[in-house]
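A.B. asks: give me a 3D structure for the following:
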Amino acid sequence: MTDFGIWTKNADIAAKAGANVNAAAVATAATDVYVLEVEGFVNAMTRFNWSDAYAGLNVDVKGILKETSSALCAIYVIQYDMTGTTRTEMENRVNILRDVALRNLGVLRDKKTQDFINGA
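C.D. replies: Numbers count the residues shown, from 1 in each chain. You can find the predicted model right below:
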């Protein structure tokens, strides 16, 4: 499978979506359908173009970006088809992934954090 995003990796999406998810949804998430939407969303939400700056970022920031975008893509995968296991388990996965993404978006959006990141 080819990675279509700048920082979002297919293996991270599949791992976060978890077991018993729809294989077609995982394959779709691995395309630009979800990945580019999510990476663009992260750039817009944080008011910073991480895509353009990615090559010069330190490994810590790259990890936060990967975790955030793969969590958001995994939510798409889970929502695509919740028949793999109980609906409660799938909803719990979505809630956990949403919390991770919201936490990370808050960190990335904080201008003081961005100044720290850019100075690192």
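A.B. asks: mind showing which ranges of the chain have poor pLDDT?
C.D. replies: Within the chain, the stretches with pLDDT under 70 are 1-3, 28-32, 114-115, 118-120.
A.B. asks: can you tell me, leaving aside adjacent residues, what's nearest to the most centrally placed residue in it?
C.D. replies: Central residue of the chain (CA atoms, centre = their mean): S69, 1.5 Å from the mean position. Leaving aside its chain neighbours, S69 sits nearest to T8 (4.2 Å; criterion: CB to CB, 6 or more residues apart in numbering). Every C-beta, even on glycine, is put in place using the N, C-alpha and C of the backbone.
A.B. asks: how about the strands in the protein?
C.D. replies: For the chain, strands defined by DSSP state E do not occur.
A.B. asks: please enumerate the helices of it.
C.D. replies: 10-17, 23-29, 32-46, 50-53, 59-80, 87-109, 111-119 (DSSP state H).
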